[in-house]
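Student: Any chance you could fold what I've pasted below:
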Amino acid sequence: IYTYDWADVAGTSNTEDRTALNGGVTYSVTVSDPTYNCTITDSYTVSDVPQPNATFSGTTTICDGACTNLTLDFTAGSGPYNFVISPVVAGLVINGVADPYVFQVCPTSTTTYTITSITDASNCTANVNLQQTVTVRPIITGAFSPEAPICAGDNLTLELDYAGTPAGSYDVVYS
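Tutor: Predicted coordinates:
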């Protein structure tokens, strides 16, 4: 029977394997075989790998029928990355993506996209709550009122009536 003398644990024991180790720490063990009076010492440093994280950004207001790009810029961990997004975006690649990862969304109504977890190449997973709300504004239409023919040389006042206009200010270009 071997005995194990872990440098960070008082006394010897019959514990060969260790669990719940901390990253960034060097663990040393001396293994003894009392039958043959042999010993060996070995050390191993557990890597301290940061949990993956990212920033989530993009254009947050689009017109109805338009698309926009959202960007996941991974700030910690090592790629490639996997992530979980809600709501699911049809055709979106979520496994093995590079940094930064840019993808297109085409919501038909105002939608909040949430990244709930990120897993990196070291198989470290972080639960996150990264959100981007894409506001969909309705199409603005307008028409001149009254629409009427005029005689050459006469003046006519045209009034532009908007339909489906959400609150806000607009630029009008006449030609």
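Student: the strands in this structure, which residues?
Tutor: Using DSSP state E, the strands of the chain run over 3-6, 26-33, 38-45, 53-58, 61-63, 68-76, 82-86, 101-105, 111-119, 125-137, 141-145, 159-163.
Student: Same list (the ones you listed) but as CSV, adding mean neighbour count, mean pLDDT and distance to Arg18.
Tutor: Every C-beta, even on glycine, is put in place using the N, C-alpha and C of the backbone. Shown next, in CSV, are those (neighbours: other Cβ atoms under 10 Å; pLDDT from 0 to 100; distance: least, Cβ to Cβ, whole Å):
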stretch, mean neighbour count, mean pLDDT, distance to Arg18
strand 3-6, 16, 89, 7
strand 26-33, 14, 92, 7
strand 38-45, 11, 94, 10
strand 53-58, 16, 96, 28
strand 61-63, 14, 92, 53
strand 68-76, 16, 96, 26
strand 82-86, 17, 96, 29
strand 101-105, 16, 96, 37
strand 111-119, 17, 97, 25
strand 125-137, 15, 95, 22
strand 141-145, 11, 74, 70
strand 159-163, 10, 71, 71
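Student: closest to Thr15 out of those?
Tutor: strand 3-6 (5.7 Å; Cβ to Cβ).
Student: just to revisit the earlier point, can I get the strands of the chain in TSV including distance to Val173?
Tutor: Supplementary listing: those in TSV, determined by distance: least, Cβ to Cβ, whole Å:
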stretch	distance to Val173
strand 3-6	77
strand 26-33	69
strand 38-45	66
strand 53-58	27
strand 61-63	16
strand 68-76	23
strand 82-86	38
strand 101-105	28
strand 111-119	30
strand 125-137	18
strand 141-145	11
strand 159-163	11
